[in-house]
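Enquirer: sequence plus predicted model, see below.
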Amino acid sequence: MDHSSRDLPPLDTLRAFEAAARTGSFSGAAEALNITHGAISRQIAKLEDWLGLKVFERGARGVELTLEGQRLFLRTSEAFALIADNTDRWTEPRGAMVVRLASIPSLSSLWLIPRLKELEGGPPPLRILLEVDIRQTDLEDEGIDLSVRCGRGGIPGRVSVKLFEEHIFPIARPDIAAELGSGDPERLLKYPLIHDSDASGWRAWLGAHGIDYRPRAQDRRFEDYNLVLDAAAYGLGISLARPPLAGPVIASGRIAQVDQRTVLNPVSYWMDRPVGEARPAGAELARRIAACAELDPARVEQFLKDGR
């Protein structure tokens with residue numbers, strides 16, 4: 001493959017390669033990086049495809065560096081040593097009880113962070129590395145044990161279980177809520193409606209009351225639900241409360257309930273994991289998350305058995 005001198009192989013592939021070369025096996029690399037053997041194998045295959053040459057010879061007794069692999073290992077070892085030569089660097093925790101958990105920003109800050117101490121507490125104690133990202137990444141390739149997300153169903157290539165649903169209702173700054181009072185749902189259309197990545201929540205709530213809603217020019221959209229709540233608190237319009245995410249903000253008095261009527265949101269909360277057997281620490285965290293979500297323990301045990 002032809003690459004310019006400024007191009008570099010993906011860092012994750014070099015990280016997997018360096019660990020495999022240093023430990024002498026894919027299994028050793030998987031243990032060192034807290035990811036699966038399969039994830040290491042795929043990263044090495046991706047690196048070899050990028051380079052256009054083999055870096056390991058596979059045999060019945062394991063793997064062995066090729067001549068090109070030995071040269072690459074020397075260079076990557078030197079490069080990683082230079083990167084590591086920084087006394088102020090943050091070193092990622094390693095160990096059997098370290099768990100990598102992925103989620104989106106709003107769910108991380110409004111639901112996971114308030115429960116993080118409880119989720120990490122023992123016995124046995126866990127150390128959770130929270131990966132905050134809006135992408136739907138390949139969990140196994142990224143070394144993610146669990147993902148908690150919002151969605152409408154399972155994602156192909158993952159094992160999924162629904163954690164909980166939410167019944168949404170309109171909220172606004174307290175003075176706006178007082179002005180609107182109670183009455184016909186159409187009164188809310190006097191103000192801009194605020195939604196996040198799509199308008200399905202507002203379509204569901206207004207549709208349940210006979211109003212065919214389509215976003216208008218004055219309505220506002222913010223990708224992250226934290227911004228939706230902030231926008232309502234600062235009087236930019238009316239948004240929807242998504243329990244339990246909005247609970248602390250309502251309790252603080254920054255926003256108030258505009259209408260008592262609730263509707264089931266088309267979007268639910270899900271927990272995912274890679275296909276295959278879950279790591280013991282990942283399985284323990286899944287049980288703790290399920291307990292926080294008040295999920296039937298039998299369902300989380302089935303979740304851990306599925307896809308093996």
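Expert: Looks like it came in fine.

Enquirer: how about stretch 125-133: buried residues?
Expert: Judged by neighbour count using 16 or more other C-beta atoms under 10 Å, the buried positions of stretch 125-133 are 126, 128-131. (C-beta placed from N, C-alpha, C; glycine too.)

Enquirer: again with stretch 24-32
Expert: The neighbour-count check on stretch 24-32 (16+ other C-beta under 10 Å) flags 25-26, 28-32 as buried.

Enquirer: for E165, state which of those residues is nearest.
Expert: Nearest to E165 among those: A30, at 36.1 Å, using C-beta to C-beta.

Enquirer: would you mind measuring from the nearest residue to M97 once chain neighbours are set aside to P125?
Expert: Take M97 and drop its neighbours on the chain: the residue closest to it by C-beta to C-beta, 6 or more residues apart in numbering is A281, 4.9 Å away. According to C-beta to C-beta, to the nearest Å, A281 stands 10 Å off from P125.

Enquirer: what's the overlap in contacts for those two?
Expert: Shared contacts of A281 and P125 (C-beta atoms under 8 Å, 6 or more residues apart in numbering): M97.

Enquirer: now the buried residues of stretch 24-32 as a markdown table including distance to C292?
Expert: Shown next, in a markdown table, are the buried residues of stretch 24-32 (distance: C-beta to C-beta, whole Å):
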| residue | distance to C292 |
| --- | --- |
| S25 | 37 |
| F26 | 35 |
| G28 | 35 |
| A29 | 33 |
| A30 | 29 |
| E31 | 29 |
| A32 | 30 |
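
Enquirer: narrow those residues to those in helices?
Expert: 26, 28-32 (DSSP state H).

Enquirer: who touches stretch 50-57?
Expert: Applying C-beta under 8 Å, 6+ apart, the contact partners of stretch 50-57 are 1, 3, 9-10, 13, 17, 20-21, 44, 47-48, 63-66, 68-69, 72.

Enquirer: got the buried residues for that stretch?
Expert: Buried-residue list, stretch 50-57, by 16+ other C-beta under 10 Å: 50-51, 55-56.

Enquirer: can you check stretch 292-307 too?
Expert: Using 16+ other C-beta under 10 Å as the test for burial, stretch 292-307 gives 292-293, 295, 300, 303-304.

Enquirer: many thanks, I have nothing further to ask.
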